[in-house]
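[1] sequence? don't have it. structure:
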């Protein structure tokens, strides 16, 4: 039994045979390798067959005493002169390229890869099959090269695709015995030899941002055109374009949130609705896709197996960025952490995917470019961001900025409600300029004219006179200021409040200080992650404040500026530069970005401001400062009707236009004070951003009224 078993396990060459039998065995095994490759067999099967082919060639050499003939040698002109000697044999095709791994490593790590063909077989004697294999590989190399160039032009990560290209070239050399040379490459090489070595190099850095943008848009358009010219993908019950959702039914399916997924959910089947952040095709059998829900991302994989066909993989690879899809699949643990996603230890194996809302194939700006630091050459300029604000708002930083903005309003409202304030809503179409002056928008009001409210100031005071005692409002404010500075808008959201007090307006100042400290502490506690996200794109030192809030009087602030060399009068208002400098001096001396500047000169404040009883040249008014910029102006208001009329006359205000306002004080009004703050400015300065347009959802300034 053992003898019989042993003999049957011996290689065929252990039997006595001649050269022809040995050659036939090699040819047969070569045919088997080709057949496996044609049938898209697994890499393991092909490698095993190639290994057997190499072993048979070694046995051929033992039987004949000479190496198995190389078909490429017989094709040269020199060999043809010698004659047509040599025995026919089947060519040995190279094994298919290995599939690159998931996109879990950094670009640097990927770039270090230098793949080689898997078990590349020795070439065989027949020239025709070798030439055919070479032509097929050459076509694939050309196609892959075009893909790499398009991805480079689009600014995408090409490490994985370059690895595939290198593998194809290595397989080409194994199949043909020659290095791959693109058509016309020899001409280019000869031209390079003749080119003077001191010829000036092209300076790519000289390209303008607009040139780079146009080149990338052209590359994307070309890539999309090529994609559309490919054979159409046949959709199935597991992938394709979903019918237009018109609320036809409500099946009650459970949708998951990417941010809620845990490693304990591995193995669970989940349904997600998300945007297509990026796609990365690897081969005909697999493609990666990154899914995004607001700020959270998850890597998913479509792999051809079972009902997941190659057409489905192709469909996934061709999805347009920013399209909305419904994806079902099973959560798995990736072999390595997916550092490019927020969910680094989970991956979704796709079982079905349908497009709910498709995005345009070529986007005017890329979300990933909008998310770059402003120092990056490929970052998108501010005006272009605002032109396509819908796309710009999808970046992680912008998502966090407006979560923080919502948080400011929430914390503002919660604090004041806890202190007995009532929220009110005052009219924005008024009969006279609420702040006086020319910075007011006039509107046609039937047969007459009206104005857009510059602040809710007058109506807050009227509410106090109506015994509301403590009121606040969150509402739009309009200022017709023809200014394009980094901190001015023609429309912004005002956070206004007003309260009656018993003895001194500093009762109100204390509430203001406590209010802002409460907001700052709440932001740091509830939105720490969002603050960090914004800081990654727009780095800035963390905001500092004191508890209780620092309060400086005007004359002390002026003295600090004069000590720093600023020539400023006692009653001159601060300009932007002086505000900034004073903020820096306060930060240096008191280590705070937030303080109150009290007792402004009366001449620089509105007509309804109460003068200082100890020095009528000054007033019971104040500004609140953040990072050296004013965010709030407030004061004790004049509550005596005759005194108010006198002050209005000094400011050349038409008393008939102010009759309703003045009348409310004729019936008795308590002493009161308050202020108003620009919400966008608070968020901008807390985060240390350089422009208020970053914190306005759809900003309005003298040059922008759309979108």
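    Cool, the structure landed. It should be emphasised that the depicted structure is a prediction, and the values quoted were computed from it without experimental measurement.
[2] CA only for contacts and neighbour counts going forward, please
    OK.
[3] low-confidence ranges, the stretch 101-250 of the chain, go.
    101-133, 152-159, 183-210, 213, 220-221, 223-235 (pLDDT under 70).
[4] rerun at 80
    Low-confidence segments of the stretch 101-250 of the chain (pLDDT under 80): 101-136, 139, 143-144, 146-164, 167, 170-172, 174-175, 177, 181-235.
[5] the nearest residue to residue 480 once chain neighbours are set aside and residue 269, how far apart?
    The spatially closest residue to residue 480, leaving aside those adjacent along the chain, is residue 439, at 4.4 Å (C-alpha to C-alpha, 6 or more residues apart in numbering). From residue 439 over to residue 269 the distance is 60 Å, taken as C-alpha to C-alpha, to the nearest Å.
[6] how about the residue nearest to residue 480, secondary structure?
    Secondary structure for residue 439, judged by DSSP: H, G, I helix; E, B strand; the rest coil, is coil.
[7] if I pick it, what's in contact with it?
    The neighbourhood of residue 439, defined by C-alpha atoms under 8 Å, 6 or more residues apart in numbering, consists of 479, 480, 481.
[8] how about the strands in the stretch 201-350 of the chain?
    Under the criterion DSSP state E, counting those that start in this stretch, the stretch 201-350 of the chain carries strands at the ranges 239-241, 269-281, 286-293, 296-303, 324-332, 347-357.
[9] closest to residue 535 out of those strands?
    Between residue 535 and the strands of the stretch 201-350 of the chain, the shortest gap by C-alpha to C-alpha is with strand 296-303, which sits at 17.0 Å.
[10] which strands or helices does the closest one pack on?
    The helices and strands touching strand 296-303, judged by 3 or more C-alpha pairs under 8 Å, 6 or more residues apart in numbering; DSSP states H and E, are strand 286-293, helix 310-317, strand 347-357.
[11] in a markdown table, list the strands of the stretch 201-350 of the chain along with mean neighbour count and distance to residue 260.
    Written out in a markdown table, the entries for those read as follows (neighbours: other C-alpha atoms under 10 Å; distance: least, C-alpha to C-alpha, whole Å):
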| stretch | mean neighbour count | distance to residue 260 |
| --- | --- | --- |
| strand 239-241 | 18 | 25 |
| strand 269-281 | 20 | 11 |
| strand 286-293 | 23 | 11 |
| strand 296-303 | 23 | 10 |
| strand 324-332 | 20 | 13 |
| strand 347-357 | 22 | 14 |
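[12] save these as JSON lines, and put in distance to residue 37 too.
    Conversion of these to JSON lines gives the following (distance: least, C-alpha to C-alpha, whole Å):
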{"stretch": "strand 239-241", "distance to residue 37": "28"}
{"stretch": "strand 269-281", "distance to residue 37": "21"}
{"stretch": "strand 286-293", "distance to residue 37": "18"}
{"stretch": "strand 296-303", "distance to residue 37": "19"}
{"stretch": "strand 324-332", "distance to residue 37": "30"}
{"stretch": "strand 347-357", "distance to residue 37": "26"}
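[13] among the ones you listed, which comes closest to residue 219?
    Taking C-alpha to C-alpha as the criterion, strand 269-281 is the member of the strands of the stretch 201-350 of the chain that comes nearest to residue 219, at 16.4 Å.
[14] ok, back up a step: got the contacts of residue 439 as a markdown table, with pLDDT columns?
    Converted to a markdown table, the contacts of residue 439 look like this (pLDDT from 0 to 100):
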| residue | pLDDT |
| --- | --- |
| 479 | 94 |
| 480 | 94 |
| 481 | 90 |
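[15] who wins for most neighbours among the residues you listed?
    Neighbour count (other C-alpha atoms under 10 Å) singles out residue 479 as the most crowded of the contacts of residue 439, with 20 neighbours.
[16] wait, that residue sits on residue 442?
    No. Using C-alpha atoms under 8 Å, residue 479 is not in contact with residue 442, being 10.8 Å away.
[17] residue 32 looks like it's in a helix, true?
    Yes. Secondary structure of residue 32 (three-state DSSP): part of a helix.
[18] got a list of what the nearest residue to it once chain neighbours are set aside touches?
    Setting aside the residues directly before and after it, residue 32 is nearest to residue 49 in space (C-alpha to C-alpha, 6+ apart), at 7.4 Å. Shown here is residue 49, whose contacts under the criterion C-alpha under 8 Å, 6+ apart are 29, 32, 33.
[19] can you check what pLDDT the model gives residue 49?
    At residue 49 the predicted local confidence, pLDDT, stands at 80.
[20] so what does it have for phi and psi?
    Residue 49 has phi and psi values of phi -70, psi -40 when expressed as degrees, to the nearest 10.
[21] swap in residue 624?
    In this entry, residue 624 is assigned phi and psi values of phi -110, psi 130 (degrees, to the nearest 10).
[22] read off the pLDDT value for it.
    According to the per-residue confidence, residue 624 scores 97 in pLDDT.
[23] was I right about it contacting residue 635?
    No. Contact status for residue 624 versus residue 635: not in contact, 11.2 Å apart, counting by C-alpha under 8 Å.
[24] which residue of those two possesses the greater neighbour count?
    When residue 624 and residue 635 are compared for neighbours, residue 635 comes out ahead with 28 against 24, by other C-alpha under 10 Å.
[25] what does the helix or strand harbouring the more buried one contact?
    Here residue 635, judged by DSSP states H and E, is contained in strand 629-636. Outside strand 629-636, the residues within contact range by C-alpha under 8 Å, 6+ apart are 505, 576, 579-580, 583, 609-610, 620-625, 671-678, 681-682.
[26] after that strand, which helix or strand is next? Please name it.
    Sequence-wise, the next helix or strand beyond strand 629-636 is helix 641-650, with elements assigned using DSSP H and E.
[27] average pLDDT across that following helix?
    91.
[28] then stretch 414-427?
    Averaging the model's pLDDT scores along stretch 414-427 yields 98.
[29] list the buried ones in that stretch?
    Residues of stretch 414-427 classed as buried: 415, 416, 421, 422, 424, 426 (neighbour count, 16 or more other C-alpha atoms under 10 Å).
[30] narrow those residues to those in strands?
    Using DSSP state E, the members of these that fall within strands are residue 422.
[31] farthest-apart pair in the buried residues of stretch 414-427, please.
    Using C-alpha to C-alpha for every pair in the buried residues of stretch 414-427, the one that comes out farthest apart is 415 and 426, at 20.5 Å.
[32] three-state assignment of residue 567?
    If you use three-state DSSP, then residue 567 falls in the coil class.
[33] for burial, what's the neighbour tally of the closest residue to it other than its chain neighbours?
    Among residues not flanking residue 567 along the chain, residue 561 sits closest, at 8.0 Å (C-alpha to C-alpha, 6+ apart). Neighbouring residues of residue 561 were enumerated by other C-alpha under 10 Å; the total is 18.
[34] next one: residue 343
    Burial of residue 343, expressed as a neighbour count using other C-alpha under 10 Å, amounts to 20.
[35] on that earlier part again, out of the buried residues of stretch 414-427, which comes closest to residue 361?
    residue 426 (46.0 Å).
[36] can you redo the buried residues of stretch 414-427 as a markdown table with distance to residue 405?
    Rendered in a markdown table, the data for these read as follows (distance: C-alpha to C-alpha, whole Å):
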| residue | distance to residue 405 |
| --- | --- |
| 415 | 16 |
| 416 | 17 |
| 421 | 21 |
| 422 | 21 |
| 424 | 20 |
| 426 | 22 |
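[37] between the strands of the stretch 201-350 of the chain, which one is nearest to residue 656?
    If you check each of those against residue 656 by C-alpha to C-alpha, strand 286-293 wins as the nearest, at 55.9 Å.
[38] now the strands for the stretch 451-600 of the chain?
    All strands of the stretch 451-600 of the chain, identified by DSSP E, counting those that start in this stretch, fall at 470-478, 491-500, 550-553, 594-598.
[39] just give the nearest non-adjacent residue to residue 329, would you?
    For residue 329, ignoring the flanking residues on the chain, the nearest one in space by C-alpha to C-alpha, 6+ apart is residue 350 at 4.3 Å.
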